[in-house]
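[1] Predicted model and sequence follow; I will ask about them next.
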Amino acid sequence: MLILSRKMDESIVIDSNTEVKIVGVEGDHIKLGIVAPRHISVHRKEVFEAIQAENKLASNVKVDLKDLSSIFKH
C-alpha cells in the first residue's frame, strides 16, 4: 500500500489518466474529487463489494434451457 499526504486542492495521478483531488476536509471527513475516463468504473468500496456479491450470485443461477426456449418462440 502506498500512503501519501495531500493538502487541500492537491491531488495524485494514477496511470496518467485518473486524478484524485482533495476538495474538502471537515473534521474527520475528507471529500475527494475523482476525474477518470468514462470507461473506468469508480465506486465506494462498499458499493463495489455489493456489486461483486450480486455478480457472484447471478453467475450461480441455474437456468433450464427448456424454459429459455419457450421465451424465444415468439
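    Looks like it came in fine.

[2] Listing request: residues of this structure with sub-threshold pLDDT.
    Within the chain, the segments meeting pLDDT under 70 span 67-68, 73-74.

[3] swap the cut-off to 90 and go again
    57-74 (pLDDT under 90).

[4] for it, what's the longest helix?
    helix 45-59 (DSSP state H).

[5] next structured bit after it?
    helix 65-71 (DSSP states H and E).

[6] Restricting to C-alpha, output the helix or strand containing residue 33 in PDB.
    Under the criterion of DSSP H and E, residue 33 resides in strand 29-35. Extracted C-alpha coordinates of strand 29-35, given in PDB (Å, rounded to 0.1, in the frame of the first residue of the first chain):
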ATOM      1  CA  HIS A  29     -14.200  13.500   6.800                       C
ATOM      2  CA  ILE A  30     -12.300  14.100   3.600                       C
ATOM      3  CA  LYS A  31     -14.000  14.900   0.300                       C
ATOM      4  CA  LEU A  32     -12.300  13.500  -2.800                       C
ATOM      5  CA  GLY A  33     -12.900  14.600  -6.400                       C
ATOM      6  CA  ILE A  34     -12.100  11.900  -9.000                       C
ATOM      7  CA  VAL A  35     -11.500  12.600 -12.600                       C
END
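
[7] What separation do you get for the residue positioned nearest the centre of the chain and residue 12?
    The residue lying closest to the centre of the chain (Cα atoms, centre = their mean) is residue 43, at 2.9 Å. Look at residue 43 and residue 12: by Cβ to Cβ, to the nearest Å, they are 18 Å apart. From N, CA and C alone the C-beta is placed, and that goes for glycine too.
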